[in-house]
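> give me the fold of what follows.
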Amino acid sequence: MTTFGSYPDIEVTIDGHIAVVEMQRPPHNYFDTVIVKSIADAYEDIDRETDVRAIVFAAAGRSFCAGAQLGGAPTTGDIGGEGPAPGGRRGGYRLYNEGVRLFETETPVVAAVQGPAVGGGLGLALSADFRVASEEARFSANFARLGFHQGFGITETLPALVGQQQTALLLYTGRRLRPDEALRIGLVDEVVPHDQVRARAIELAAEIASSAPLAVRSIRRTLRKGLAERIRAATDREQVEQDWLRQTQDYREGVRATADRREPDFQGR
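The predicted model follows:
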């Protein structure tokens, strides 16, 4: 096993045909534009390594990714304070611009989800081709519980996996799914004991890598044709909704309630 490249807040190792890209912001791996850019940069560099045939996307610590963090409160992936963006857009424009790059690369990705994947952290998990979940994993698109709108292209990725009806249920309620529930609706592909999640993800990646690599990339391009463009369109729309909701009292109450670990008192304004 060898270390590959150097990227802020992630580590990349290569063993044979498999690269492991690990987020290293334990315990919860709260994300921002920097770490998403690092992941995208690593994916693009790995694409150019002809011997690497699959990626395992993993995380150190208790959570896979608990979303973003604003003012000490974990949120959904809303990244504010990044300055003006083209067209007057605010907030997560640069984050989502980097996020789209995750869908533009060609090497198949298996996510090893060892703990909670929440809000934008769920969006990161959904960027992979497959998800192997630990029995300790939890999944939540908790945006509405913060008075907010989903981002990270979840508008596109979640219905493709679980269907429109389940997507609406998860987004409207912000409910938290156990791994067995996530498996039942197709959000994850396998559930394994906690201490086996990384190893099982590597096994699945190795199974993919045992197929003809040019054929796998060709098949993947066909299956995912237009996906990056749809994700970009989805994030553009998501950003518009996030921008105005960020100004509401309900959003401020949602963030405060999350920080205080209490039920929010939304007023519809």
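> secondary structure element holding the nearest residue to residue 33 once chain neighbours are set aside?
Spatially, and ignoring its direct neighbours in sequence, residue 33 is nearest to residue 95 (4.6 Å; CB to CB, 6 or more residues apart in numbering). For glycine as for every other residue, the C-beta is placed from the backbone atoms N, C-alpha and C. Of the helices and strands defined by DSSP states H and E, residue 95 is found in helix 93-101.
> next SSE after that helix?
strand 109-113.
> and whichever helix or strand comes after that following strand, how far out from the chain middle?
Heading C-terminal from strand 109-113, the first helix or strand you meet, by DSSP H and E, is strand 117-118. From the chain centre to the centre of strand 117-118 is a distance of 8 Å (CA atoms, centre = their mean, to the nearest Å).
> list the contacts for residue 154?
Taking CB atoms under 8 Å, 6 or more residues apart in numbering as the criterion, residue 154 is in contact with 122, 123, 126, 141, 171, 234, 238.
> how much space is there between the third one and residue 99?
Distance of residue 126 to residue 99, computed by CB to CB, to the nearest Å: 11 Å.
> give me the common contacts of those two.
In contact with both residue 126 and residue 99: 152, 153, using CB under 8 Å, 6+ apart.
> burial of the residue nearest to residue 41 when sequence neighbours are not counted, as a residue count?
Nearest residue to residue 41 in three dimensions, chain neighbours excluded: residue 7, at 5.9 Å (CB to CB, 6+ apart). When neighbours are counted by other CB atoms under 10 Å, residue 7 registers 19.
> wait, isn't residue 11 in contact with residue 3?
Yes - under the criterion of CB atoms under 8 Å, residue 11 is in contact with residue 3, at a separation of 7.0 Å.
> shared neighbours, these two?
By CB under 8 Å, 6+ apart, no residue touches both residue 11 and residue 3.
> looking at the two, which is more packed in?
residue 11 (18 against 9).
> contact partners for the more buried one?
By CB under 8 Å, 6+ apart, the residues touching residue 11 are 3, 21, 22, 24.
> I'd assumed it was in a helix, is it?
No - using DSSP: H, G, I helix; E, B strand; the rest coil, the secondary structure at residue 11 is strand, not a helix.
> and the longest helix for this structure?
As assigned by DSSP state H, the longest helix anywhere in the chain is helix 227-245.
> after it, next one along is what?
Immediately after helix 227-245, counting by DSSP H and E, sits helix 249-260.
> list the buried ones in that next one?
When neighbours are counted by 16 or more other CB atoms under 10 Å, the buried residues of helix 249-260 are found to be 250, 251, 253, 254, 255, 257, 258.
> how about those residues in TSV, adding pLDDT and distance to residue 48?
Shown next, in TSV, are the buried residues of helix 249-260 (pLDDT from 0 to 100; distance: CB to CB, whole Å):
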residue	pLDDT	distance to residue 48
250	97	45
251	96	41
253	96	47
254	94	42
255	92	40
257	94	45
258	89	40
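> nearest to residue 60, of those?
Sorting the buried residues of helix 249-260 by distance to residue 60 puts residue 258 at the head of the list, at 23.5 Å, by CB to CB.
> what about the strands in the stretch 101-250 of the chain?
Ranges of strands in the stretch 101-250 of the chain, per DSSP state E, counting those that start in this stretch, are 109-113, 117-118, 130-134, 139-140, 176-177, 190-192.
> which residues sit against the fourth one?
Same thing as strand 139-140. Contact with strand 139-140 is made by 113, 116-119, 122, 125, 133, 170, 174-177, 179, 182, 187-188, as judged by CB under 8 Å, 6+ apart.
> and it, how far out from the chain's middle?
Computed by CA atoms, centre = their mean, the separation of strand 139-140 from the middle of its chain amounts to 11 Å.
> going forward, begin numbering at 52 instead of 1
Let's use 52 as the start, then, which means that last one is strand 190-191.
> who does that strand pair with, and is each partner parallel or antiparallel?
Strand 190-191 pairs in its sheet with strand 168-169 (parallel), strand 227-228 (antiparallel), by DSSP bridges.
> count the residues that sit near the closest residue to residue 259 other than its chain neighbours.
Spatially, and ignoring its direct neighbours in sequence, residue 259 is nearest to residue 105 (4.6 Å; CB to CB, 6+ apart). Residue neighbour count, defined by other CB under 10 Å, stands at 26 for residue 105.
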